[in-house]
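> Below is the sequence, then the predicted model.
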Amino acid sequence: MVFKGSAVALVTPFDENGKVNFDKIKELVEYHIENGTDAIVACGTTGEASTMNDEEHLAAIKAIIDAVNKRIPVIAGTGGNDTAHSVYMSQEAEKYGADALLIITPYYNKANKSGLRKHFVTIANSVNIPIILYNVPSRTKVNIPPALVADLARNVKNIVGLKEACGDLAQVAEVCRLVPDDFAVYSGNDDSILPLLSLGGSGVISVLANICPKETHDLVAKFFEGDIEGSRKLQLDMKPLIDALFIEVNPVPVKTAMNLLGFNVGDLRLPLAEMEDKNLEVLKQELENWGLKIQEATC
């Protein structure tokens, strides 16, 4: 298992010129380690990896690895819709010292079942570090069937986990029923961390953790410590804030929230842009309701 607990799907900070802000990466890493985050996902969906060229994508991964310095696992997002390119990015991330890789279901191509299996197997066979599959059909329009997850879990030695963001608890239950006991299933949805844990999950890869790392860590830790009521209370109490963080497409609200809270992580990259005013007001209100102090009047 790569990690057990809460991994942050880290935003990628940009400077005033729109370049990766490597000094800010160091600050964010320290913030997460100080607040109990159990692992860091570098350059995933929340990290705007789809708008990065290879050079800056790999530089950001390396910067996070170097800043963490083996204190917690770093999981590099290196998947894409081109298998050969995903192999290249994965091999480079392994050279830099990534502890594991997050490999998304190929998007746009809409791979058939045999192609999907070959895609994951080809990437896995090209590296020697663990792989966590990432299923998010709302973005990719391709769903990894539970039977295929189980097949890969049992037959590819370094495919060791799944970030499940299908939004269907019945499918999550079927995955957990079929996979080996040592295969880790992580929630990809902050609004259903506890339900997934109750089905046998191992934690969460979280957007929420960017602004509430301790609470997200505690939600998972309480469950594993047997404090189910404490975990349930956190999940339900945080739901309005979680809903606000997904009121527009991720990572627009969370990056906006971080700027409102004074993290100064820079602008979003096109084609993502600023929030609608009405949604921004909802986000501000929920940040304040949770007790977070807004430092900037605007983003």
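Looks like it arrived, so ask away.
> show me the contacts for the closest residue to Ala9 other than its chain neighbours.
Nearest non-adjacent residue to Ala9, counting by CB to CB, 6 or more residues apart in numbering: Thr46, 3.9 Å away. All C-beta spots, glycine's among them, are computed from the backbone N, C-alpha and C. Shown in contact with Thr46 (CB atoms under 8 Å, 6 or more residues apart in numbering): 9-11, 207, 210, 250-251, 254.
> which ones among those are found in strands?
If you go by DSSP state E, these have Ala9 in strands.
> following the strand or helix carrying Asp66, which helix or strand comes up?
Using DSSP states H and E, Asp66 falls within helix 54-68. The helix or strand immediately downstream of helix 54-68 is strand 74-77, counting by DSSP H and E.
> Leu194: how many residues sit nearby?
21 (other CB atoms under 10 Å).
> Quick check: it vs Leu58, distance?
Going from Leu194 to Leu58 by CB to CB, to the nearest Å gives 35 Å.
> Quick one: mean pLDDT for the strand or helix carrying Leu287?
When elements are assigned from DSSP H and E, Leu287 belongs to helix 277-289. Mean per-residue pLDDT for helix 277-289: 97.
> what's the answer for stretch 12-28, then?
Stretch 12-28 comes out at a mean pLDDT of 97.
> Distance from it to the middle of the chain?
18 Å (CA atoms, centre = their mean, to the nearest Å).
> Now do that stretch: distance from first to last residue.
End-to-end distance for stretch 12-28, by CA to CA, to the nearest Å: 10 Å.
> returning to what we had before: need the contacts of Thr46 in TSV with distance to Asp82 and neighbour count, can you?
Below are the contacts of Thr46 laid out as TSV (distance: CB to CB, whole Å; neighbours: other CB atoms under 10 Å):
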residue	distance to Asp82	neighbour count
Ala9	22	28
Leu10	24	28
Val11	24	27
Val207	26	27
Asn210	28	26
Asn250	23	17
Pro251	23	25
Val254	27	24
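> wouldn't Phe3 be in contact with Val74 here?
No - if you go by CB atoms under 8 Å, Phe3 and Val74 don't touch, sitting 10.0 Å apart.
> When these two are compared, which one has more neighbours?
Neighbour count, other CB under 10 Å: between Phe3 and Val74, Val74 has more, with 28 against 23.
> wait, isn't the more buried one in contact with Ile65?
Yes - assessed by CB under 8 Å, Val74 is found in contact with Ile65 at 5.0 Å.
> which stretches of this structure form strands?
Under DSSP E, the chain gives strands at 5-9, 39-42, 74-77, 100-104, 131-135, 159-164, 184-187, 203-206.
> The last one: how far from the chain's middle?
Spelled out, that is strand 203-206. 7 Å.
> What lies in contact with it?
Residues contacting strand 203-206 (CB under 8 Å, 6+ apart): 3-9, 38, 41, 44, 75, 102, 132, 163, 184, 186-188, 190, 193, 196-197, 216, 219-220.
> That strand - what's its average pLDDT?
98.
> So which of the strands of the chain is nearest Ala93?
Of all the strands of the chain, strand 74-77 sits nearest to Ala93, with 3.9 Å by CB to CB.
> any idea how far Leu169 is from Ser198?
According to CB to CB, Ser198 and Leu169 sit 9 Å apart.
> Could I get the buried residue list for the lowest-mean-pLDDT helix or strand in the chain?
In the chain, the helix or strand scored least confidently by mean pLDDT, DSSP states H and E is helix 137-140, which has a mean of 88. Buried positions in helix 137-140, judged by neighbour count with 16 or more other CB atoms under 10 Å: 137, 140.
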